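Visitor: model this:
(chains A and B)
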Amino acid sequence: MSNREMMRMSRRALLGAAAFTGAGIILKGCANTGNTSSSAESSETAASPTAGGKLIATTLPGSWEQFNRSIVVPQFSSTTGAEAALVPLVSADQVAKLQASPNSPPFDVVSLDSGVFEGAPKEELFQKLPVEKLKHYSELADRFQQPDTWGPLIGVQAVGIAYNPKVVTTPPDSWEALWDEKYKGRVALMSMKNNHTIGFMLKVAEMNGGGVGNLDPAFAAIKQLSPNLAGVVANAGAMITLFQQGEVDIAPHDLNSVKLLQSKGVDIDWVMPKEGGFALTPMMSIVKNPTASVDLIAAYIDAAISPEVQTQMTETNFVLPTNKNVALPESVTQKLGRNLDEIFAKLEFPDWATINQKRTEWVEEFDKTVQA
Amino acid sequence: MTAKLFSPKEWQLTLPLAFFLHLFYIAPLAVLLASSFQQAVGVPGFSLAQYGEFFRDSTNLKVLTDTFLLGLQVTLACLFFGYPVAYVYNRVTGIWKSVMTFLILLPLLTSAVVRTFGWVVILGKQGLINSALQGLGIIPEPVKLLFTHHGVTIAMTQIQLPLMILPIVASLSQIDSRLLAASASLGGGAWRTFWKIVFPLTLPGIISGCLLVFAITVSSFVTPSIIGGGQIMYMPTLIYQQGVVLLNGPFAAAISAILLVMVLAVVVGLSILGQKSRTYIR
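Guide: Numbers count the residues shown, from 1 in each chain, chains lettered A, B, ... in the order given. Predicted structure coming up:
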């Protein structure tokens, strides 16, 4: 009896499951037709870029995602009438996802750190930017314009020293402050797989007679840093938690992350050391074999480098503009310098092509050096 | 009852899953193993170079032993803390059983990332543990827990605990209560009954709990990388670093294969123990 009941139950369950699966397939079918129609639309947009359509873009997580969602996408939608879906991923994961399926890429346009981009197999995954399709490309600062480019730099993140002003009452003026014995157990670094730390190591090497060709002085200096080192964190997100919890007082970090924390009421401030800081530069690039039309993607990139969007980026996110027509707000000029030329002179732009050849070696050496 | 829709041989019922696993698990695994024998990225051919490189470097060997040690410590800690909970759970009735079910499952109900950041707050120098111990005057200075192996062990133990408790609960609930009565009537005390009757009968549950906890601990990524930081490395972090950050696929594949072999060795060892314990019960 109870067995029969079970039989009946399972038959009902089976029917239910079948109905569920069937509904799923039908829904998927609908979604597919939706897709084909939108891709038809987007191929029409080749003629007029205002006919709508849809593209999928990546974004770096955190404040970048917030910014892309609230500023870049609305700007793009209002000029093209198209929609953009955002996928938040860190740079390395974006490249990994593309590499996993280069023939049907999961997104149309990537937004990632140019250091990571330089290390990726560019020819296989991306395509050159059709510069002539971008209205605002010629407005980029001269140093950022190239005739034959994979994509424009979207902004410049300045990396200097982040510190807790409650504890570090006089702002540190040099990278050497991190080695000061006052800060025993109060310094944090990100692990070497983060470009923040690559740039920092480069800076330290240069201060000690090395450079991109010879990082040994920096590794020696990191050995000396170990009494001060509270920890080596996995990524920028974990670094933020440490500052929030008051676990560390001083660390290399970028201005935009520090400003975001400051706005949330965390005791943190940022200073450019006298040796100069360095720049991390997010960029955008069109993937190979995109689903959306190249015109639409170009319009998305164009929106990101438009003066309206770049002004917002500078004022609210404290990322320096690459568009030269953007007026710098006072909060930025006070901290960094009067104009872009003056600021960029103080920031080193790391030579990622060279760095990427050494990256594996450096990451391994760094891990060995900091092992507890 | 006899009117069956079709007369299945039992093994046929596993076909859909078998098909699924072959397509999405066995095939990728084969690709992974094949690529671990590459000389370098994109160079075909058979070579043990990647494995040689791994075992030549003492840093990598330390990562391997640290990972094994982490698995072992977390498994033992889960067993130590989990068994009493399972035992009590089996004794309580009514509303308390529901309450305990909820409490036991609680760690599984929050995402690993959220839990991990919670542990950062708890383990820090100004965190819950240190301020409590300092407030009680037990320690004069904060102990370093964050970014240490112990910190990772503590956090992982909490996260894995349900996976140890549930199998033990299952095997405890199968014990015939008349056995305990018989033991008592023959003069066995509470402890003696436990060690001679209850504990051996729950060995299958303990072993499957240990299997789950060990396998999941040594392969977990988020918690060890956030709590451990860059100064203590475990195999999954190393795989991510080589595979995703440094784009060194073959080496990452070789590390994955080594991790897999380690887990398989433990699984096989524990399964043999499990077989033995089952014959012991009968």
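
Visitor: Up against chain A, what does chain B have?
Guide: Contact residues, chain B versus chain A (Cβ under 8 Å from any Cβ of the partner chain): B:1, B:59, B:62, B:117, B:120-121, B:124-127, B:144, B:146-149, B:225-226, B:229-233, B:237, B:241, B:243-248. Glycine gets a C-beta too; all of them are placed from N, C-alpha and C.

Visitor: Could I have the buried ones of those residues as ChimeraX selection syntax?
Guide: With 16 or more other Cβ atoms under 10 Å in any protein chain shown as the burial test, the buried ones among these are selected in ChimeraX as follows:
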select /B:117,120,124,125,127,144,146,147,148,149,225,226,229,230,231,232,233,237,241,243,244,245,246,247,248
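
Visitor: tell me which residues in stretch A:270-285 are buried?
Guide: Within stretch A:270-285, the residues scored as buried using 16+ other Cβ under 10 Å are A:270-273, A:275, A:277-285.

Visitor: Need the max-distance pair from those residues.
Guide: For those, the farthest-apart pair by Cβ to Cβ is A:Val271 and A:Ser285; their separation is 32.7 Å.

Visitor: which residues of the stretch 51-200 of chain A score low on pLDDT?
Guide: In the predicted model, the stretch 51-200 of chain A carries pLDDT under 70 at residues A:51-52.

Visitor: which parts of it sit against chain B?
Guide: Among all residues of the stretch 51-200 of chain A, those adjacent to chain B (criterion: Cβ under 8 Å from any Cβ) are A:92-93, A:95-96, A:99, A:119-121, A:185, A:189-193.

Visitor: Can you select the buried ones among those residues for me in PyMOL?
Guide: Buried residues within those, by 16+ other Cβ under 10 Å, are selected in PyMOL with:
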select buried, chain A and resi 92+93+95+96+99+119+120+185+189+190+191+192+193
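
Visitor: Make a markdown table out of the residues of the stretch 51-200 of chain A next to chain B and add secondary structure and distance to B:Tyr25.
Guide: Rendered in a markdown table, the data for these read as follows (DSSP: H, G, I helix; E, B strand; the rest coil; distance: Cβ to Cβ, whole Å):
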| residue | secondary structure | distance to B:Tyr25 |
| --- | --- | --- |
| A:Ala92 | helix | 25 |
| A:Asp93 | helix | 22 |
| A:Val95 | helix | 25 |
| A:Ala96 | helix | 19 |
| A:Gln99 | helix | 21 |
| A:Gly119 | helix | 30 |
| A:Ala120 | coil | 28 |
| A:Pro121 | coil | 27 |
| A:Gly185 | coil | 45 |
| A:Leu189 | strand | 38 |
| A:Met190 | strand | 34 |
| A:Ser191 | coil | 31 |
| A:Met192 | coil | 33 |
| A:Lys193 | coil | 28 |
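
Visitor: can you name the two of the residues of the stretch 51-200 of chain A next to chain B that are farthest apart?
Guide: The distance between the two most remote of these (Cβ to Cβ) is 41.6 Å, for A:Pro121 and A:Gly185.

Visitor: Return the distance of A:Ala238 relative to chain B.
Guide: Using Cβ to the nearest Cβ, to the nearest Å, A:Ala238 is found at 5 Å from chain B.

Visitor: Could you give the separation of the strand or helix carrying that residue from the chain centroid?
Guide: In this assignment (DSSP states H and E), A:Ala238 forms part of helix A:236-244. Here the centre of mass of C-alpha atoms in helix A:236-244, compared against the chain's by Cα atoms, centre = their mean, to the nearest Å, lies 17 Å away.

Visitor: Need the residues that contact that helix.
Guide: Here helix A:236-244 makes contact (Cβ atoms under 8 Å, 6 or more residues apart in numbering or on different chains) with A:61-62, A:162, A:164, A:188, A:190, A:194, A:196, A:230-231, A:233, A:247-248, A:251, A:253-254, A:257, A:261, A:266, A:268, B:117, B:120-121, B:124, B:226, B:229.

Visitor: Apply 6 Å and report the result again.
Guide: Contact with helix A:236-244 is made by A:188, A:190, A:233, A:248, A:266, A:268, B:120, B:226, as judged by Cβ atoms under 6 Å, 6 or more residues apart in numbering or on different chains.

Visitor: ditto for stretch A:358-371
Guide: Where contact means Cβ under 6 Å, 6+ apart, the residues beyond stretch A:358-371 that reach it are A:192-193, A:219, A:222-223, A:232, B:59, B:231, B:246.

Visitor: Run through the stretch 1-150 of chain B and note the low-pLDDT ranges.
Guide: When residues are selected by pLDDT under 70, those of the stretch 1-150 of chain B lie in B:1-8.

Visitor: go with 50
Guide: Residues of the stretch 1-150 of chain B meeting the criterion pLDDT under 50: B:1.

Visitor: of all of it, which residue lies closest to chain A?
Guide: Using Cβ to the nearest Cβ, the closest approach of the stretch 1-150 of chain B to chain A is made by B:Phe147 at 3.6 Å.

Visitor: what does chain B give?
Guide: Checking chain B residue by residue against chain A with Cβ to the nearest Cβ singles out B:Gly230 as nearest, at 3.2 Å.
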